[in-house]
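Asks: quick one, structure for this:
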Amino acid sequence: MRMFYSFFIYAYTCCIGVAALFNDKAALWISGRKDWKMKLKQIDTGGLPVYWFHCASLGEFEQARPLLEKIKMEHTCKIVLTFFSPSGFEIRKNYASADVVMYLPADTISNASYFIAHLKPKAAFFIKYEFWFNFLWVLRQNQIPVFLVSGIFRESQHFFKWYGKWFANQLAAFDYFFVQNDKSMQLLQRLQYNNVTIAGDTRFDRVVEVMNKQKTYDLVDVFTSNAIVCVAGSTYLEDEQLLKVLLQASQQSNMQYNFKLIIAPHHVTAERLDEIEKKFQEFPFVRYSALLEQDQTKQVLLIDNIGMLSSLYAYADFAYIGGGFGKGIHNTLEAAVFGIPVLIGKNYHKFDEAKALISEKAAFVMEDEKDVIETGMRLISDEEFRKFAGERAANYVATNKGAVENIMKQLNDCTVIFKTA
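Replies: Numbers count the residues shown, from 1 in each chain. The predicted model follows:
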């Protein structure tokens, strides 16, 4: 079976190579891996233990980050951070807490053997649901401890299908599973893996940290003063259409609300920014790069850079999280930690935190324009409703933080990965 799996990896890599001729993201995927062996040889560990963290993309990085930084702070070591996707690597390639940031080589046995032989990690941490079975096999062959952090398991995964025995057996490479919920633990135990604990989701720790260290923006403070503000994060075209409808509804209301919208799109390209500006051209509009103090009379602020969003929620009375009309919503916790209600699209079912926020009456699902007018206008006009939902959001985050401490305690109590460092 490993031969078939390895053949699939080769075929997948070849397909991306072909796609790279036409697709910028695929081209980055290929070009970013070209000199990985040279980069690996240049790593100078200085005799210190190396801890390897692997993330698929940016979302998983946010789950890895609080644990990575905790280890870096408490232990003298080197941190190597790898990404599968360009959308993670390109944004975090200069991340200061990692000594080396690079792409994960394609998951072939030869690549994995070379990587592990040269890196010699003291331990490896895979995040959420990153399962590269040749890397895992080589790590196990070399008796290197491997941990799954903020793991999520679902019935739909191949581990639990009639054909999934080989895949399930590969999970034996993990020394310990730190999962997010009870369902994940039950599924692993069904496969006879009992080295598992419900540690929680490290993103709760991360968003609390971000809130405590939030950046302030003087011009945004002026722009949002004396207004009801919605910060829309990681938006796409479908999301922006609903936001436009909400703006129109607020203007047409019998009561005159000073309602303002801040949009931080998921893709910050010249084409996307122009597209958004055209869509909202009927409203007083300004880009952040052109924002001046006298622009406080504008109604729509477009964030035309990367890196501000997580702190912008501090200026919001409620948030809209994009992606719910595509593959799935983006990070709701970044907004909820600030004690504000959250609006999301209909594709949220793979996200436990979104389902929990809905259950807590802190998040609301927007199926169509009718929903966004009804719920959005209530959030604009009803301070008591807005405050209640916001308090529920903040309480949910506060009661679920602590995953990093849970994981660190288990690592210190049950392994020797730090004791000999």
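Asks: distance check, the residue lying farthest from the centre of the chain against residue 381.
Replies: Of all residues in the chain, residue 254 has its C-alpha farthest from the mean position, at 39.9 Å, by Cα atoms, centre = their mean. Shown here: residue 254 relative to residue 381, a distance of 10 Å by Cβ to Cβ, to the nearest Å. Quick note: C-beta positions are derived from backbone N, CA and C, even for glycine.
Asks: and for residue 69?
Replies: 41 Å.
Asks: related to what we said a few turns ago, got the phi and psi for the residue farthest from the centre of the chain?
Replies: phi -60, psi -30 (degrees, to the nearest 10).
Asks: gap between it and residue 374?
Replies: Taken as Cβ to Cβ, the span from residue 254 to residue 374 is 16 Å.
Asks: show me where pLDDT drops low in the chain?
Replies: Confidence mapping of the chain against pLDDT under 70 gives the ranges 414-416, 419-421.
Asks: please enumerate the strands of it.
Replies: Assigned by DSSP state E, the strands in the chain fall at 50-55, 78-83, 100-103, 123-127, 146-151, 176-179, 196-198, 228-235, 259-265, 285-287, 300-302, 318-321, 342-344, 363-365.
Asks: adding distance to residue 63, write the ones you listed out as CSV.
Replies: Output for the strands of the chain, formatted as CSV (distance: least, Cβ to Cβ, whole Å):
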stretch, distance to residue 63
strand 50-55, 8
strand 78-83, 13
strand 100-103, 16
strand 123-127, 5
strand 146-151, 4
strand 176-179, 10
strand 196-198, 15
strand 228-235, 16
strand 259-265, 21
strand 285-287, 31
strand 300-302, 29
strand 318-321, 17
strand 342-344, 19
strand 363-365, 20
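Asks: would you list those in TSV and tack on mean neighbour count?
Replies: Listed next are the strands of the chain as TSV, based on neighbours: other Cβ atoms under 10 Å:
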stretch	mean neighbour count
strand 50-55	24
strand 78-83	23
strand 100-103	20
strand 123-127	25
strand 146-151	25
strand 176-179	23
strand 196-198	17
strand 228-235	24
strand 259-265	25
strand 285-287	18
strand 300-302	24
strand 318-321	28
strand 342-344	26
strand 363-365	21
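Asks: to residue 23, which of the ones you listed lies closest?
Replies: strand 100-103 (16.3 Å; Cβ to Cβ).
Asks: which strands border that closest one, and is each parallel or antiparallel?
Replies: strand 78-83 (parallel) (DSSP bridges).
Asks: so what touches the partner strand?
Replies: With Cβ atoms under 8 Å, 6 or more residues apart in numbering as the test, strand 78-83 has contacts from 43, 45-46, 48-57, 61, 64, 68, 71-72, 89, 92, 95, 97-104, 119, 121.
Asks: quick check: the residue farthest from the centre of the chain vs residue 85, distance?
Replies: Using Cβ to Cβ, residue 254 is found at 48 Å from residue 85.
Asks: what's near enough to touch the residue lying closest to residue 341 once chain neighbours are set aside?
Replies: Spatially, and ignoring its direct neighbours in sequence, residue 341 is nearest to residue 389 (3.7 Å; Cβ to Cβ, 6 or more residues apart in numbering). The neighbours of residue 389, taking Cβ under 8 Å, 6+ apart as the test, are 318, 341, 361-362, 364, 379.
Asks: recalculate using a threshold of 10 Å.
Replies: Counting by Cβ atoms under 10 Å, 6 or more residues apart in numbering, residue 389 touches 318, 336, 339-342, 357, 360-364, 375, 378-379, 382.
Asks: swap in residue 366?
Replies: Counting by Cβ under 10 Å, 6+ apart, residue 366 touches 238-239, 242-243, 245-246, 320, 324-325, 343-346, 372-376.
Asks: leaving out chain neighbours, which residue sits closest to it?
Replies: Here the residue nearest residue 366, using Cβ to Cβ, 6+ apart, is residue 372, at 4.8 Å.
Asks: residue 255 now?
Replies: Of all residues not flanking residue 255 in the chain, residue 381 sits nearest, at 6.7 Å (Cβ to Cβ, 6+ apart).
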